[in-house]
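here's a sequence, model it:
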Amino acid sequence: MDPEWEDDSSVMDVLDKQIVHGLVCDARIPFARLGAILGVSEQTVARRYRSLRKLGILHVSGQVNVVPLGHARWILRLESAPSRAVALAESLARVPDLNWVSLLSTGSEVMCVCRPRSLERRDELLLRQLPRVSQLKGMVAHEVLRAFPFEEEWPRYGHLLSAEQLRELGPRPVLWEPTGPKSSVVLSREDEIMMTVLGRDGRAPYAQLAAATGWSATRVARRMSELLEAGVLYFDLDFALERMGYTARASLWLQVRPGHLDGVGKAMATHPEVAYVAATAGPSNLMASIACRDASHLYRYVTERLGPLEGINNVEVTPVLRLFKQSQALVEVDRVTVLP
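You can find the predicted model right below:
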């Protein structure tokens, strides 16, 4: 294990990190089962989880993966006047199709991820709604061609568990990528309601989901399993990085020679600093999100980890000044958000 990552937080102790790893593997794992695996009581796990949520360190949310539904993900870079950038980011954070809304270090550029649920919604957002925003001076849209999977998801606390504990937890399901025909799943109104509740709290009890959808708890559990198996539903964990000891968050925009693109993406997916890496269409053909301790750690990552990789022609590093929204859904189903 890289020494940079051995003791990355004074807020979280070893048990907290073990609990986080358990949730990374299975976001809805029963606390009784997780406690049995970790050798502590169900009450201890529940208390630690509530504390992490109360401190704002951890949030579990359920998300819709639009790829198996036949739709693309987009990474948008939006240019604004410096005096209007914060207002733009705040507006974008209220749009249900947009996630990971960040103000970049230029002070005039906002980045976000767009996951439109239909071609009509894509065109409305990218071709009509966003271009009319008064703060917007320019936009570059990168279509995500392939997100590279990780053997272990960030923040990579698996080394704190024994081999037997890791076997009992099992691996986290890999997010579905397009290798064949799109899913035949059609989301119903009740599915959408369930997704909205899970967006607010990925561990919402079945009874709460049943009350919201009008289904029985058994039907909710069955439908959730179907959507998970189809890859349409997945669970994401959001973290307060600064409280965990990571003060340098950045987006990397790489230009890689085509013959080396797959190799560079797979290599970066093994780096502890990388939380997301994807091949994209656009001015750059590889994008990554990284978390480092500080600027020195960021420098060492770029020079010592990226530098030796063959095929990289150029790297643009854009530190994140402020994160306005992570993956969690913040709006109600069917609620319309009008950008200024």
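
so residue 281 makes contact with residue 143?
Yes: the pair residue 281 and residue 143 qualifies as a contact (Cβ atoms under 8 Å) at a distance of 4.5 Å. For every residue, glycine as well, the C-beta is placed using N, CA and C.

what segments of the stretch 151-300 of the chain are strands?
Along the stretch 151-300 of the chain, the stretches classed as strands by DSSP state E, counting those that start in this stretch are 233-239, 248-256, 274-280, 286-292.

and the angle from the longest one to strand 274-280?
In this structure, strand 248-256 runs at an angle of 30 degrees to strand 274-280, with axes from the mean of the first three to the mean of the last three Cα atoms, to 10 degrees as the basis.

the first one too?
Regarding strand 233-239 and strand 274-280, their directions subtend 130 degrees when assessed with the same axes, to 10 degrees.

give the pairing partners of strand 233-239; include direction for each.
Using DSSP bridges, strand 233-239 pairs in its sheet with strand 58-64 (antiparallel).

which elements pack onto the next helix or strand after the strand it pairs with?
Using DSSP states H and E, the next helix or strand after strand 58-64 towards the C-terminus is strand 74-80. Under the contact definition 3 or more Cβ pairs under 8 Å, 6 or more residues apart in numbering; DSSP states H and E, strand 74-80 sits against helix 85-93, strand 109-114, strand 136-147.

give me whichever of those is most buried.
strand 109-114 (a mean of 24; mean count of other Cβ atoms under 10 Å).

which strands border that strand, and is each parallel or antiparallel?
Here, using DSSP bridges, strand 109-114 pairs with strand 74-80 (antiparallel), strand 98-104 (antiparallel).

mind listing what the nearest residue to residue 226 once chain neighbours are set aside touches?
Among residues not flanking residue 226 along the chain, residue 185 sits closest, at 7.7 Å (Cβ to Cβ, 6 or more residues apart in numbering). By Cβ atoms under 8 Å, 6 or more residues apart in numbering, the residues touching residue 185 are 68, 69, 226, 227, 230, 232.

CSV for these, including pLDDT, distance to residue 159 and neighbour count?
Output for the contacts of residue 185, formatted as CSV (pLDDT from 0 to 100; distance: Cβ to Cβ, whole Å; neighbours: other Cβ atoms under 10 Å):
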residue, pLDDT, distance to residue 159, neighbour count
68, 87, 32, 22
69, 87, 36, 20
226, 93, 34, 13
227, 94, 32, 23
230, 88, 32, 15
232, 92, 32, 22
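
just give me the neighbour total for residue 49.
Residue 49 is flanked by 20 other residues according to other Cβ atoms under 10 Å.

what is the neighbour count of the nearest residue to residue 252 once chain neighbours are set aside?
Distance criterion Cβ to Cβ, 6+ apart; nearest residue to residue 252, sequence neighbours excluded, is residue 288 at 4.4 Å. Here the count is done by other Cβ under 10 Å, and residue 288 has 23 residues near it.

number the residues from 25 up from this point.
Done: numbering now begins at 25, and the last item shifts to residue 312.

residue 312 against residue 293, yeah?
No: with contact defined as Cβ under 8 Å, residue 312 does not reach residue 293; the gap is 9.0 Å.

where do the contact lists of those two overlap?
Common neighbours of residue 312 and residue 293 (Cβ under 8 Å, 6+ apart) are residue 301.

these two touch, right, residue 255 and residue 88?
No: judged on Cβ under 8 Å, residue 255 makes no contact with residue 88 at a distance of 10.3 Å.

between those two, who's got more neighbours?
Legend: neighbour count by other Cβ under 10 Å for residue 255 and residue 88, higher for residue 88 (21 against 18).

what about the closest residue to the more buried one other than its chain neighbours, how many residues nearby?
In this structure, residue 88 finds its nearest non-sequential neighbour in residue 219, 5.7 Å apart by Cβ to Cβ, 6+ apart. Using other Cβ under 10 Å, residue 219 has 20 other residues around it.

circling back to that earlier point, any shared contact partners between residue 305 and residue 167?
The overlap between the contact sets of residue 305 and residue 167 (Cβ under 8 Å, 6+ apart) is empty.

can you show me the helices along the protein?
38-49, 55-62, 66-78, 109-117, 143-147, 187-193, 213-224, 230-237, 241-253, 285-292, 319-324 (DSSP state H).

show me the one of these that comes nearest residue 98.
Of all the helices of the chain, helix 143-147 sits nearest to residue 98, with 7.8 Å by Cβ to Cβ.

surely residue 192 touches residue 62?
No: with contact defined as Cβ under 8 Å, residue 192 does not reach residue 62; the gap is 9.7 Å.

neighbour-wise, which of those two wins?
Set residue 192 next to residue 62 and count neighbours by other Cβ under 10 Å: residue 62 wins out with 22 against 16.
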